[in-house]
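Peer 1: Okay, predicted coordinates and the sequence, questions at the end:
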Amino acid sequence: MTRTVELVDLEIRLLELPLRRPMVAAHGTTEVRQLLVVGLRTTDGVIGWGECAALPEPTYSSEFAEAAMLTVRDHLAPRLLAGPVDPDDVGATSTDIVGHPMAKAAVEMAVIDAHLRAADQPLASALGVAGATVAWGGTVGEATMDDLVEQVGVLAEAGAHRVKLKIRPGHDVPVVATLAATFPDLELHGDANGAYGPGQIRRVIHAIEAGLRVVEQPFAPTELDAAAELVAAETGAFVLADEAATSLEAIELLRRRAAADGVVVKPGRLGGLRAAVEVIDRLGDHDLRIAVGGMIESGLGRAALAPLAALAPVDVTGDLSPAGQWLEADPFTDLTITDDGRIAVPNGPGITAAPDPDLLDELTVVHTVVERA
């Protein structure tokens, strides 16, 4: 990618996407996926789309959808529209803006999408994974045991290679044990979102012994001693850092402290696709395991994750189910599952196909266009 992109305007849409069921996790409950998407129109008439991973409330991270919308509208858009943008270094336009990695990731995705569409090149091709397929994994939130068995059964029947359960104290060992016994051939992961205290290491180990192969972020990101003690226990399960993996520097600290067996890479949290690729490349030189994580994305966001999951260093099945596992309606094209039960990395120009305009309008609750001065 070398050609710069010159923009005419930037379209900001806050969507409300209905969920098939609430997502219940330790950090809160998501009942409607409020989602920020950005459309950039270039002087060539090409529109590139980007998605912001921020959730509706600042309970998972300090960013949330409405705040990200203001960040894009009032701070990132004017800088992008001021002149040509280099797809290889979108971040150069916002070096003076502190934080807001998810908002920055959304505009970077849109610039990259516009550039790839103009070049008639798929993201998969740009990353060297054209034609790839990847193993996929579904996620289930907290629910009654009967509901969980039903949900996991649907995912297993659809061909999921692993299922991730939301766990916390009081919703862990019996749940894991029941599902492990009911689905003995299915790989189970547990995602705690930092719900356990440093004095609850034995409880996490009991959940692992009940049938977990991977446990994500059992302790708060600052509790590195507890995480290191769990890793040192050699339970046979991988301990992955999720919320703690905010940058290369943070990941290097985890590695030095032996506080994780691996890392969940999320482009939104790291500031964009390019940062995610850099992290994956760097981790490929170490002995840390790698998974690509999700945030209840639309088909657009999932299409951006799929090529990352196909990169060679990624060796743990991550959050790459079709968006339709959670979304009742979605204006973007969903991922498809191949006949042999794998996710097909999208191979059309850009990141994925343009959204359905009627459905996009129907699901939009706030719509703003920022024009070039």
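Peer 2: That came through, no problem.

Peer 1: Give me the pLDDT for the residue lying closest to Leu327 once chain neighbours are set aside.
Peer 2: Closest residue in space to Leu327, ignoring its immediate chain neighbours: Leu17 at 5.2 Å, by CB to CB, 6 or more residues apart in numbering. Where C-beta positions appear, they are placed from N, C-alpha and C, glycine not excepted. Listed pLDDT for Leu17 reads 95.

Peer 1: now do Ser61
Peer 2: Per the predicted model, pLDDT is 86 at Ser61.

Peer 1: just the one 4 residues further on next, same as before
Peer 2: According to the model's per-residue confidence, Ala65 sits at a pLDDT of 94.

Peer 1: count of neighbours near the residue nearest to Leu327?
Peer 2: Counted by other CB atoms under 10 Å, the residues lying close to Leu17 total 20.

Peer 1: can you check Leu305 too?
Peer 2: By other CB under 10 Å, 27 other residues sit near Leu305.

Peer 1: The residue nearest to Leu327 bridge partners, please.
Peer 2: Arg33 (DSSP bridges).

Peer 1: From Glu223, how far off is it?
Peer 2: According to CB to CB, to the nearest Å, Leu17 and Glu223 sit 33 Å apart.

Peer 1: Give the rounded mean pLDDT of stretch 108-127.
Peer 2: 96.

Peer 1: Report the distance from it to the chain centre.
Peer 2: 19 Å (CA atoms, centre = their mean, to the nearest Å).

Peer 1: got the end-to-end distance for it?
Peer 2: Start-to-end span of stretch 108-127 (CA to CA, to the nearest Å) is 16 Å.

Peer 1: dump the residue contacts of the residue nearest to Leu327.
Peer 2: Going by CB atoms under 8 Å, 6 or more residues apart in numbering, Leu17 touches Val32, Arg33, Gln34, Leu35, Ser298, Leu327, Glu328, Ala329, Asp330, Leu363.

Peer 1: at 6 Å instead, please
Peer 2: By CB atoms under 6 Å, 6 or more residues apart in numbering, the contact list for Leu17 reads Arg33, Leu35, Leu327, Leu363.

Peer 1: same thing with Asp330?
Peer 2: With contact set as CB under 6 Å, 6+ apart, Asp330 has these partners: Ser298, Gly299, Ala323.

Peer 1: min pLDDT across these, which one?
Peer 2: In terms of pLDDT, the weakest of the contacts of Asp330 is Ala323, which scores 94.

Peer 1: How many residues are close by that residue?
Peer 2: Neighbours of Ala323 using other CB under 10 Å come to 22.

Peer 1: just Ala232 next, same as before
Peer 2: Ala232 has 11 neighbours, counted by other CB under 10 Å.

Peer 1: And the pLDDT for it?
Peer 2: In this prediction, Ala232 carries a pLDDT score of 97.

Peer 1: what's the nearest residue to it if we skip its chain neighbours?
Peer 2: On the basis of CB to CB, 6+ apart, the spatially nearest residue to Ala232 that is not a chain neighbour turns out to be Ala258, at 7.0 Å.

Peer 1: From what I see, the one you found and Leu230 are in contact.
Peer 2: No - the pair Ala258 / Leu230 is not scored as a contact, 10.4 Å apart, by CB atoms under 6 Å.

Peer 1: Of those two, which one has the most company?
Peer 2: Between Ala258 and Leu230, counting by other CB under 10 Å, Leu230 is the more crowded of the two (26 against 13).

Peer 1: what about that one, which helix or strand?
Peer 2: Leu230 belongs to helix 224-232 when assigned by DSSP states H and E.

Peer 1: most residues in a single helix of this structure, which one?
Peer 2: In the chain, taking DSSP state H as the definition, the longest helix is helix 101-118.

Peer 1: Contacts for it next, please.
Peer 2: 1, 5, 38, 40, 42, 44, 46, 48-54, 63, 68, 71-72, 76, 85, 87, 90, 94, 123, 267-268, 271-272, 349-351.

Peer 1: Of the residues you listed, which belong to strands?
Peer 2: Val38, Leu40, Thr42, Gly48, Trp49, Gly50, Glu51, Cys52 (DSSP state E).

Peer 1: Pull the most distant pair out of the residues you listed.
Peer 2: Thr42 and Cys52 (20.0 Å; CB to CB).

Peer 1: okay, those two: which has more neighbours?
Peer 2: Using other CB under 10 Å as the criterion, Thr42 and Cys52 rank with Cys52 on top: 31 against 20.

Peer 1: can you pull the contacts of that one?
Peer 2: Taking CB under 6 Å, 6+ apart, one finds Leu36, Ala68, Met102, Ala103, Ala106 in contact with Cys52.
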